[in-house]
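Asks: Coordinates only, no sequence provided:
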């Protein structure tokens, strides 16, 4: 009954979306199908993206697309023009078929294309780029969109020119010109493409003007800039400075630009670099900000949060805030204070204090205490223009009072009573308290454009935690965990996403006494092994109750693809397990699930629905006192996730 009820609840938001999406339909002949044949170099998705004629959605709430003969005739010409721009000058629409349905209410369209032989790039020559260091020039050549032995795509031809200009601008030449020329190759269908550069004069950063402040000191803006007067002029540093200023949350508008040569028109001494004046224009926003978040999920049920921040607390761009959250899984209040400039623009300092309650299937935990963190962001001295690679390192000291109790299910399991005694917990109540005093070191690297909707790049992080009685705490353990994510785009819209996590925790003494129970690992749920419920994958007692372990490994592989409009689909494979002993990874003992999901963008946040199927169920698993025999789990969520 619980599974059936969860399934109906999962479908309820989707039904609401259906009702809100309905609108009055126009009349006409509906486009049921649009297919292509003969296209090999250009995908069907690419062709559809440039045509006015579109296919109606198959789901009832999706908009209908109607056939227009004028638009279709224009689309046939667009196809040939699109092919010419992609290096296929002889491509043509060989034939097309318009099949009207018997009731004359819908039409199926098919287009047969003859691509012909492409004009191929034989080689790409960069001439006049010797002012760029050899290592950087090799990197530029490897990143050029236009490649040898590929069709002579006019869009890539232009984007390669722009990339070459950007590279010169990022090496001290603010006004370069790059001319493009083509010459015959070894055959009639091959071309040699030459980019000839005129770098212009070398330049350094000159005067820096800052305008637009009302209450924020120009000193606050200036210290966020990644360039200084007298340094080599680099276009990427202007963009990076603009990004950093926006990240401060102080400004509604930021523009960092070059405004000409200092002393322009005067004679410069031979060999001297020009000085480029820059202007930083800002418009201040409100210093007090508040964000709300609402949602509902199969695990946390109704959830809500509020985040209030003062982004210029006592000046200096300090950020003070109050964050509160409520859900069935966790709730509490956290106070935050962040100093963005800590002796250097590369360092920041933060403090937080919290009172937090977590209600997990295996335990209930109340945490009261605080943390202090020093963080540094690393940047390369040189990086390709447009690259947004970030590397961070953070050192945190945590001092928190922990009060926790194991679940009633574990407490009622007679085979777990000896474990409770070994853990130093009350075997009658399953409760324990203590002070956690620990040092935490976190390192991370992110090369994605947007971590919330990444389509390419990777994210890697490592977490080290050491709690010691020498720090005044009641527990003594060491924890190491790591996570990696990789994203790759196929074609234009299909994304493969891979995530892997692993970790282990151990102690120099008796693990049962020095590692608290709430630090144990569990898997299962909407964020990892989706074929199981939350916290259902872990070592079991003799009676089948999950009790957590000291080592875990988990991976998820997803294939994401668009369905229609704001709808997207997901196919996934998950794997992982938890083991009792530290560093006891047993790859022959992994649990697996496969499944499919649905994604939809709504005004209140994304809607997610995942259905996972266990490939190798856990024998003897007991959840809520009942044997688990069903291999299917449904997870859903609507609204902004926590």
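Replies: That came through, no problem. These numbers come from a predicted model, not from an experiment.
Asks: Please tell me the pLDDT value assigned to the spatially closest residue to residue 312 that is not a sequence neighbour.
Replies: Among residues not flanking residue 312 along the chain, residue 287 sits closest, at 4.5 Å (C-beta to C-beta, 6 or more residues apart in numbering). The way it works is simple: take the backbone N, C-alpha and C, and place the C-beta from them, glycine included. Listed pLDDT for residue 287 reads 93.
Asks: need the contact list for residue 287.
Replies: 215, 250, 310, 311, 312 (C-beta atoms under 8 Å, 6 or more residues apart in numbering).
Asks: Kindly recompute the last result at 10 Å.
Replies: By C-beta atoms under 10 Å, 6 or more residues apart in numbering, the residues touching residue 287 are 215, 216, 249, 250, 309, 310, 311, 312, 313, 317, 319.
Asks: Kindly report the same for residue 443.
Replies: Each residue near residue 443 by C-beta under 10 Å, 6+ apart is listed here: 378, 391, 392, 393, 394, 460, 461, 462, 463, 464, 482.
Asks: Quick check on these: which are buried?
Replies: Buried residues within the contacts of residue 443, counting neighbours by 16 or more other C-beta atoms under 10 Å: 393, 394, 461, 463.
Asks: Which ones among these map onto strands?
Replies: The members of the buried ones among the contacts of residue 443 that map onto strands under DSSP state E are 393, 394, 461, 463.
Asks: For the residues you listed, give me a markdown table that also has pLDDT and distance to residue 226.
Replies: A markdown table is the format used below for those (pLDDT from 0 to 100; distance: C-beta to C-beta, whole Å):
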| residue | pLDDT | distance to residue 226 |
| --- | --- | --- |
| 393 | 97 | 18 |
| 394 | 97 | 20 |
| 461 | 97 | 24 |
| 463 | 98 | 28 |
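Asks: Surely residue 71 forms part of a strand?
Replies: No - if the criterion is DSSP: H, G, I helix; E, B strand; the rest coil, then residue 71 is helix and not within a strand.
Asks: Give me the phi and psi angles of the nearest residue to residue 258 once chain neighbours are set aside.
Replies: Once flanking residues are discounted, residue 258 sits nearest to residue 276: 5.0 Å by C-beta to C-beta, 6+ apart. Main-chain torsions, residue 276, degrees, to the nearest 10: phi -100, psi 120.
Asks: Please report how far residue 276 lies from residue 205.
Replies: Per C-beta to C-beta, to the nearest Å, residue 276 is found 6 Å from residue 205.
Asks: okay, and the common contacts of those two?
Replies: Common neighbours of residue 276 and residue 205 (criterion: C-beta under 10 Å, 6+ apart): 172, 233, 238, 258, 262.
Asks: which strand residues sit across from the fourth one in the sheet?
Replies: Using DSSP bridges, the bridge partners assigned to residue 258 are residue 278.
Asks: so where is the stretch 401-550 of the chain shaky, pLDDT-wise?
Replies: Along the stretch 401-550 of the chain, segments meeting pLDDT under 70 span 491-492, 509-513.
Asks: Which parts of it are strands?
Replies: Remark: strands assigned in the stretch 401-550 of the chain by DSSP state E, counting those that start in this stretch are 431-446, 457-467, 477-490, 494-506.
Asks: thinking again about what came up before, from the contacts of residue 443, pick the one nearest residue 33.
Replies: Nearest to residue 33 among these: residue 460, at 43.9 Å, using C-beta to C-beta.
Asks: Compute the first-to-last residue distance for stretch 559-571.
Replies: Terminal residues of stretch 559-571 lie 5 Å apart, using C-alpha to C-alpha, to the nearest Å.
Asks: now stretch 114-130
Replies: By C-alpha to C-alpha, the extent of stretch 114-130 from end to end equals 43 Å.
Asks: got the buried residues for stretch 212-223?
Replies: Within stretch 212-223, the residues scored as buried using 16+ other C-beta under 10 Å are 212, 213, 216, 220, 221.
Asks: now swap in stretch 444-458 and tell me
Replies: So, applying 16+ other C-beta under 10 Å, buried residues of stretch 444-458: 445, 446, 447, 448, 454, 455, 457, 458.
Asks: So what touches it?
Replies: By C-beta under 10 Å, 6+ apart, the residues outside stretch 444-458 that reach it are 378, 386-394, 459-463, 483-489, 492-498, 560, 601, 606, 641.
Asks: Show me how far that stretch is from its chain's centre.
Replies: Here the centre of stretch 444-458 is set off from its chain's centre by 5 Å, with C-alpha atoms, centre = their mean, to the nearest Å.
Asks: Assign the closest residue to residue 500 other than its chain neighbours to helix, strand or coil.
Replies: Spatially, and ignoring its direct neighbours in sequence, residue 500 is nearest to residue 555 (4.3 Å; C-beta to C-beta, 6+ apart). Assigned with three-state DSSP, residue 555 falls in the strand class.
Asks: Quick check: bridge partners of residue 555?
Replies: Beta-bridge partners for residue 555, by DSSP bridges, are residue 500, residue 575.
Asks: wait, doesn't it sit right on residue 574?
Replies: Yes - counting by C-beta atoms under 10 Å, residue 555 does reach residue 574; the two are 7.2 Å apart.
Asks: More neighbours: which of these two?
Replies: residue 574 (28 against 18; other C-beta atoms under 10 Å).
Asks: Report pLDDT for that one.
Replies: For residue 574, pLDDT reads 98.
Asks: Go ahead and flag the most central residue of this protein.
Replies: Nearest residue to the geometric centre of the chain (C-alpha atoms, centre = their mean): residue 451, 1.7 Å.
Asks: For residue 608, see how far away it is.
Replies: Taking C-beta to C-beta, one finds residue 451 at 17 Å from residue 608.
Asks: and if you look at residue 617?
Replies: Counting by C-beta to C-beta - residue 617 and residue 608 are separated by 24 Å.
Asks: what does residue 615 give?
Replies: To residue 608, residue 615 is 22 Å away according to C-beta to C-beta.
Asks: helix or strand right after the lowest-mean-pLDDT helix or strand in the chain?
Replies: One helix or strand of the chain scores below all others by mean pLDDT, DSSP states H and E: helix 2-21, with a mean of 43. Counting by DSSP states H and E, the element after helix 2-21 in chain order, helix or strand, is strand 30-37.
Asks: what's that next one packed up against?
Replies: Packed against strand 30-37, as judged by 3 or more C-beta pairs under 10 Å, 6 or more residues apart in numbering; DSSP states H and E, are the following elements: helix 44-49, helix 69-85, strand 92-100, strand 106-114.
Asks: Please work out which of these is packed deepest.
Replies: Here the criterion is mean neighbour count by mean count of other C-beta atoms under 10 Å, and of those the winner is strand 106-114, at a mean of 18.
Asks: in the very next helix or strand once past it, what's buried?
Replies: Per DSSP H and E, the first helix or strand lying C-terminal to strand 106-114 is strand 120-127. Neighbour-count burial for strand 120-127, counted by 16+ other C-beta under 10 Å, picks out 120, 121, 122, 124, 126.
Asks: What mean pLDDT does strand 120-127 get?
Replies: Strand 120-127 shows a mean pLDDT of 95 in the predicted model.
Asks: try stretch 611-624
Replies: 94.
Asks: and it, which residues are buried?
Replies: For stretch 611-624, by 16+ other C-beta under 10 Å, it's 611, 612, 614, 618, 621, 622, 623.
Asks: try stretch 472-482
Replies: 473, 474, 475, 476, 477, 478, 479, 480, 481.
Asks: Check the buried residues of stretch 444-458 and tell me the two furthest apart.
Replies: 445 and 455 (17.6 Å).
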